[in-house]
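Novice: Turn this into a model:
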Amino acid sequence: MLEQLNTPNKVVGAKQVRRALKDGRAARLFMAMDADPRLLQPLVQEAVRQQVPVTQAPSMKELGSACGIAVGAAVAVLLR
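Specialist: Below you'll find the predicted structure:
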């Protein structure tokens, strides 16, 4: 499922994900299971409220790698 993030049509990071959810541009939310729950909770709640599917990634390192960045990522969103 993480291979879907191998596209330029995504955003990575809490601020950009929050903005994409707010603007209604999010198609699917990816979250790392080892990320801080205080960071994830409001983003997941907003995704559920907007009926955006949520997918879990095993770790921040794997999510960052799937997004093509050299550091870990807590959240990412595929855009519509």
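
Novice: State whether Val77 is indeed within a strand.
Specialist: Yes - membership of Val77 in a strand is supported by DSSP: H, G, I helix; E, B strand; the rest coil.

Novice: any idea how far it lies from Leu39?
Specialist: For Val77, the distance to Leu39 equals 14 Å [CB to CB, to the nearest Å]. Where C-beta positions appear, they are placed from N, C-alpha and C, glycine not excepted.

Novice: Show me which of the two is the more surrounded one.
Specialist: The residue with more neighbours, out of Val77 and Leu39, is Val77; 27 against 15, by other CB atoms under 10 Å.

Novice: Strands of this structure, residue ranges please.
Specialist: 10-12, 26-32, 54-57, 75-79 (DSSP state E).

Novice: nearest residue to whatever residue is furthest in space from the centre of the chain other than its sequence neighbours?
Specialist: Here the centre of the chain is the reference, and by CA atoms, centre = their mean the most remote residue is Ala70, at 16.0 Å. Nearest residue to Ala70 in three dimensions, chain neighbours excluded: Gly64, at 7.3 Å (CB to CB, 6 or more residues apart in numbering).

Novice: ok, the one you found - contacts?
Specialist: Contacts for Gly64 were tallied using CB atoms under 8 Å, 6 or more residues apart in numbering; they are Val12, Ala70, Val71, Gly72, Ala73.

Novice: One more pass at 7 Å, please.
Specialist: Gly64 makes contact with Val71, Gly72, Ala73, according to CB atoms under 7 Å, 6 or more residues apart in numbering.

Novice: Can you tell me which of the residues you listed are buried?
Specialist: Buried positions within these, assessed by neighbour count (16 or more other CB atoms under 10 Å), are Gly72, Ala73.
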